[in-house]
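A.B. asks: With the sequence up front, the predicted model follows.
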Amino acid sequence: MSEKTALTPATHTTPPAAFSHGVKKGNLLQVAGQVGFLPAAEGRPPTPAGPTLREQTLQTLANVRAVLEEGGATWDDAMMIRVYLTDVGHFAEMNEIYNAYFAEQGLKEAPAARTTVYVGLPKGLLIEIDALAVLG
Amino acid sequence: MSEKTALTPATHTTPPAAFSHGVKKGNLLQVAGQVGFLPAAEGRPPTPAGPTLREQTLQTLANVRAVLEEGGATWDDAMMIRVYLTDVGHFAEMNEIYNAYFAEQGLKEAPAARTTVYVGLPKGLLIEIDALAVLG
Amino acid sequence: MSEKTALTPATHTTPPAAFSHGVKKGNLLQVAGQVGFLPAAEGRPPTPAGPTLREQTLQTLANVRAVLEEGGATWDDAMMIRVYLTDVGHFAEMNEIYNAYFAEQGLKEAPAARTTVYVGLPKGLLIEIDALAVLG
């Protein structure tokens, strides 16, 4: 019997509804859909890191990583990364940013699986990412 | 070695293809994408609870819950809830309905993680939800 | 402590970014989003099995199955199958193909759960599928 615990990095903005940025139960860790919001600041509404795909992708990956770390996990524990883009034309650039980012993360195990699809997102957001991890 | 078992609430309409409304294996329970169909009625094709986002969201959540319960789980066991909407303009209203619904569920543990994206759905459907749960 | 290992069927084209076609850790196996690419051929870029939904669906399912098998799993181990289509009008035909395909797979356990949504995909691709499996 293990309890489900919420993972809420101190930097994260409050979720806009009754969900957790991440949860952990047993050896499973699920990261909720993260977007490119900057760290929360008192009195400022959730604000994207910038208008560009690069800025938002890097901030989104940082936000996913923060949730993983809050649960004692690293990118090496990630099994699946789901990438939601709004524009098929962003695929190549996102991959470049993604590859460069992960090259710097010093992964010791195989990269996670990934699915990328093209959906609608709230105005101003170009990317959303969630992740499933298995610890230990 | 544990077997995978199908979870088919008596109220549910027959899936439109060779898939299960839910499956359970070991301590993992996966709920298939649920929409706002009313309980199955002899001779009636699958019918949404109503045309509004509120009606469909509440019926969809009830349908997800029925699958969880069929597998001996509750919302407290849910790790991830995936919400598919058809219209970005529905986000705020869906969150209100979602929050009020979960406030009434008496969760004892952290709320599940969640990802919401905007996709196409068959005509007349405004929302689809699936869920991953870990029991025990 | 179990290691995460990459699952890379010999027939598969190289992923377009730093992700694995599948990963396995403990008893969990995640298949990345597969599309209808034919087996890799020296000097040929990734090429869909054909322009039709039927050709692409069958090749995509074969590609998912190859990743499952690379990890020692079968369709019977699949808990969740996520189907991404580009056109709501393809739902009925995809279901026919899906049903006929699985009827031939000789499943011994319950079919997996499934979610189908309609998204954008890169030009020429009509379907993408990923899967989560639990072994043993």
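C.D. replies: All right, it came through fine.

A.B. asks: For chain A, give me the ranges with low pLDDT.
C.D. replies: A:1 (pLDDT under 70).

A.B. asks: Give me the buried stretch members for the helix ranked longest in chain A, please.
C.D. replies: If you go by DSSP state H, chain A has its longest helix at helix A:53-70. By neighbour count with 16 or more other Cβ atoms under 10 Å in any protein chain shown, helix A:53-70 contains the buried residues A:53-68, A:70. All C-beta atoms are positioned from the backbone trio N, CA, C, and that covers glycine.

A.B. asks: So which residues of chain A form strands?
C.D. replies: Under the criterion DSSP state E, chain A contains strands at A:5-6, A:22-25, A:28-34, A:78-85, A:113-118, A:127-134.

A.B. asks: Generate JSON lines for those, with mean neighbour count and distance to chain C as supplementary columns.
C.D. replies: Output for those, formatted as JSON lines (neighbours: other Cβ atoms under 10 Å in any protein chain shown; distance: least, Cβ to the nearest Cβ, whole Å):
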{"stretch": "strand A:5-6", "mean neighbour count": "17", "distance to chain C": "20"}
{"stretch": "strand A:22-25", "mean neighbour count": "27", "distance to chain C": "14"}
{"stretch": "strand A:28-34", "mean neighbour count": "27", "distance to chain C": "8"}
{"stretch": "strand A:78-85", "mean neighbour count": "25", "distance to chain C": "5"}
{"stretch": "strand A:113-118", "mean neighbour count": "24", "distance to chain C": "3"}
{"stretch": "strand A:127-134", "mean neighbour count": "25", "distance to chain C": "5"}
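
A.B. asks: Among the ones you listed, which comes closest to residue C:9?
C.D. replies: strand A:113-118 (13.1 Å; Cβ to Cβ).

A.B. asks: Residues touching the closest one, excluding its own?
C.D. replies: A:79-88, A:91, A:94, C:15, C:17, C:19-23, C:30-33, C:82, C:84, C:119-121, C:128, C:130 (Cβ atoms under 8 Å, 6 or more residues apart in numbering or on different chains).

A.B. asks: With just CA atoms, put it into CSV.
C.D. replies: These are the backbone C-alpha positions of strand A:113-118, laid out as CSV (Å, rounded to 0.1, in the frame of the first residue of the first chain):
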residue,chain,number,x,y,z
ALA,A,113,9.9,7.1,-25.9
ARG,A,114,8.0,10.0,-27.4
THR,A,115,4.9,10.9,-29.3
THR,A,116,4.4,14.2,-31.0
VAL,A,117,1.0,15.4,-32.3
TYR,A,118,-0.4,18.7,-33.4
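
A.B. asks: Report the inter-axis angle for it versus strand C:28-34.
C.D. replies: Taking axes from the mean of the first three to the mean of the last three Cα atoms, to 10 degrees, one finds strand A:113-118 and strand C:28-34 inclined to each other by 40 degrees.

A.B. asks: Can you give me the distance of the residue nearest the centre of chain A to chain B?
C.D. replies: Geometric centre of chain A, nearest residue: residue A:64, 2.9 Å, by Cα atoms, centre = their mean. Counting by Cβ to the nearest Cβ, to the nearest Å, the separation of residue A:64 from chain B is 11 Å.

A.B. asks: Next one: the closest residue to residue A:11 other than its chain neighbours relative to chain B, how far apart?
C.D. replies: Excluding the flanking residues, the one nearest residue A:11 by Cβ to Cβ, 6 or more residues apart in numbering or on different chains is residue A:39, at 3.9 Å. To chain B, residue A:39 is 19 Å away according to Cβ to the nearest Cβ.

A.B. asks: I figured residue A:39 hits residue A:12, correct?
C.D. replies: Yes - contact criterion Cβ atoms under 8 Å: residue A:39 and residue A:12 qualify, at 7.5 Å.

A.B. asks: So those two - more neighbours on which side?
C.D. replies: residue A:12 (20 against 16; other Cβ atoms under 10 Å in any protein chain shown).

A.B. asks: and residue A:19, what does it touch?
C.D. replies: By Cβ under 8 Å, 6+ apart, the contact set of residue A:19 is A:32, B:81, B:111-114.

A.B. asks: ok, back up a step: output the strands of chain A as CSV; include the columns distance to residue C:8.
C.D. replies: As requested, those are exported to CSV (distance: least, Cβ to Cβ, whole Å):
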stretch, distance to residue C:8
strand A:5-6, 34
strand A:22-25, 29
strand A:28-34, 24
strand A:78-85, 15
strand A:113-118, 11
strand A:127-134, 19
